[in-house]
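**Q** Model the structure of this input:
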Amino acid sequence: MVVVKIKFRYNYAMNTNEQPLIKLHQISKSFKKGSDQDRLVLDSIDFSLQKGEIVALLGKSGSGKSTLLRVISGLIEPSQGEVWYRGKRIYGPAHGITMVFQNFALLPWLTVLENVELGLEALGVDKQQRRKRALAAIDTIGMDGFESAYPKELSGGMRQRVGFARALVVDPDVLLMDEPFSALDVLTSENLKDDLLDLWNEQKTKMNAILFVTHNIEEAVYLADRILIFDADPGRVRSELKVDLPHPRKVQDPKFVELVDEIYTLMTTRETTTTVTAQEASADPFGLAYRLPDADIAEITGLIDTINEPEFKGRMDLPELADYLSLDIDDLFPITEVLQILRFAKISDGDIELTHAGLEYSKADILERKKLFASHLLRNIPLAKFIHEKLHMRAEHRMNKDELAEQLEDYLSEKETERVIRVVIDWGRYAEIFAYDDKSEMLSLENPT
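**A** Numbering: from 1, shown residues only. Predicted structure coming up:
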């Protein structure tokens, strides 16, 4: 029998009486999207980071996770709300909070050693002490022997290790990480995650908490003690989950798989009751409080046909589907959202299952598919119905795209308006509920030919 001895770090987060390291109160952030409009990116975020825990901010791209991380780090100011670090409100970068970026952010003209020393130099540490601490940090992350190398000589994984060393050399109290593994290949990423956990569990650094951004569900479950799931447009904390699994975690562990399934379900199930207020709904005749997912017809049809392949029989496990199609959540989730909106599929217990309409669509020929799609489009997409009815009401049965854009821009940014119009035109043309001429930018009921 082999006995494996594992050293676990005590999770201080269990002590709820202890003051949080970081506390956010009603954080909101808006960016200018025009001369007189603001785009709300983060909305009323409340959050506390406790000593001794690793927390993941999980969500699709564009949900405001990285923006929130920059607010916490002091790199950008919130539009509303307060950030507190160890009981003191902060208004800019705070000593004790350090960030690791996604793109390594190394200066190409400096060696590994010089890049690691940068933070210490900014803090005014003398040259001899800088050199000693930088060499120790490089040794800690396994890069000894490469002190004189330049970034161009290093692989992506090695450059990211230098990024970690530069963050750790200043002895951070709180380590912030913005998708630090996303630019790496799978093997390098897994190796670096395990090394980070070793540093954490064996207390080789002075870190008291780690907060990281990711859109990889398995990565969040593998690393974190707690996961905050973000909704988008604007970014809100939709759900919070505790991960009561000891390290080292195995992805094949039934409890690991069960939690991954739960998160897939949460992230792929629409929650209009919490994301759309009654005021928003009454003021929005186009049903745009929930944005149209960006998925084209080939993707929608392809996913339906995949789920209905003989070996899957109309139902698939979402993580298995993502792996089968080699898609990450930013690619897969918009398509699954469309299937739910159109009532072609439903999601529960981490599985996606075709409805009767979805099964009928998969079995139908091209013309029947168009008719089914048209029926479900007019029934479930208010904007498509609005355009169709508007065209029928007019004697000439025509509408300029700019006219539609003017109305939508009361609810959406100019960029989002353009995207939504493109999506609904693509769907409407396929369903043949209206035609569109790109040269004149005119929507009509005329036969496209």
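**Q** which stretches of the stretch 51-200 of the chain have low pLDDT?
**A** Scanning the stretch 51-200 of the chain for pLDDT under 70 picks out 104.
**Q** Show me where it has its strands.
**A** Per DSSP state E, counting those that start in this stretch, the stretch 51-200 of the chain carries strands over the ranges 53-58, 80-85, 88-89, 97-100, 174-178.
**Q** For residue 269, find the nearest of those strands.
**A** Relative to residue 269, the nearest member of the strands of the stretch 51-200 of the chain by Cβ to Cβ is strand 53-58, separated by 14.8 Å. All C-beta spots, glycine's among them, are computed from the backbone N, C-alpha and C.
**Q** Packing partners of that closest one?
**A** Helices and strands touching strand 53-58, by 3 or more Cβ pairs under 8 Å, 6 or more residues apart in numbering; DSSP states H and E, are helix 65-73, strand 209-214, helix 217-223, strand 226-231.
**Q** shaky segments in the stretch 251-400 of the chain?
**A** Using pLDDT under 70, the stretch 251-400 of the chain drops low at 270-291.
**Q** can you map out the helices along it?
**A** Applying DSSP state H, counting those that start in this stretch to the stretch 251-400 of the chain gives helices spanning 254-268, 272-275, 278-282, 297-307, 318-325, 329-341, 356-363, 366-380, 382-393.
**Q** any idea which residue of this protein is furthest from its center?
**A** Most distant from the centre of the chain: residue 395, at 45.6 Å, with distances by Cα atoms, centre = their mean.
**Q** Look up how far residue 428 lies from it.
**A** Between residue 395 and residue 428 the computed distance is 20 Å (Cβ to Cβ, to the nearest Å).
**Q** Was I right to think residue 140 contacts residue 200?
**A** No: under the criterion of Cβ atoms under 8 Å, residue 140 makes no contact with residue 200, lying 12.0 Å away.
**Q** Could you identify which of the helices of the stretch 251-400 of the chain is most buried?
**A** Mean neighbour count, computed with mean count of other Cβ atoms under 10 Å, is highest for helix 329-341 among the helices of the stretch 251-400 of the chain, reaching a mean of 21.
**Q** Just the C-alphas of that helix, formatted as CSV.
**A** Extracted C-alpha coordinates of helix 329-341, given in CSV (Å, rounded to 0.1, in the frame of the first residue of the first chain):
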residue,chain,number,x,y,z
ILE,A,329,-17.9,28.4,-23.2
ASP,A,330,-17.6,31.6,-25.2
ASP,A,331,-18.2,29.7,-28.4
LEU,A,332,-20.7,27.0,-27.1
PHE,A,333,-23.0,29.0,-24.8
PRO,A,334,-24.4,31.5,-27.4
ILE,A,335,-25.6,28.5,-29.5
THR,A,336,-27.1,26.7,-26.6
GLU,A,337,-28.8,30.0,-25.5
VAL,A,338,-30.4,30.3,-29.0
LEU,A,339,-31.7,26.7,-28.8
GLN,A,340,-33.3,27.5,-25.5
ILE,A,341,-34.8,30.9,-26.6
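**Q** Just list what it packs against, helices and strands only.
**A** Short answer (3+ Cβ pairs under 8 Å, 6+ apart): helix 329-341 packs on helix 254-268, helix 297-307, helix 318-325, strand 345-348.
**Q** Give me the sheet partners of the shortest one and which way each runs.
**A** Think strand 345-348. strand 351-354 (antiparallel) (DSSP bridges).
**Q** Can I get the strand it pairs with in CSV, CA atoms only?
**A** C-alpha atoms of strand 351-354 as CSV (Å, rounded to 0.1, in the frame of the first residue of the first chain):
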residue,chain,number,x,y,z
ASP,A,351,-27.3,18.1,-19.9
ILE,A,352,-28.8,19.7,-23.0
GLU,A,353,-31.8,17.8,-24.5
LEU,A,354,-33.7,18.5,-27.7
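**Q** what distance separates it from the centre of its chain?
**A** 22 Å (Cα atoms, centre = their mean, to the nearest Å).
**Q** same thing with stretch 25-43?
**A** Centroid separation between stretch 25-43 and its chain, computed with Cα atoms, centre = their mean, is 18 Å.
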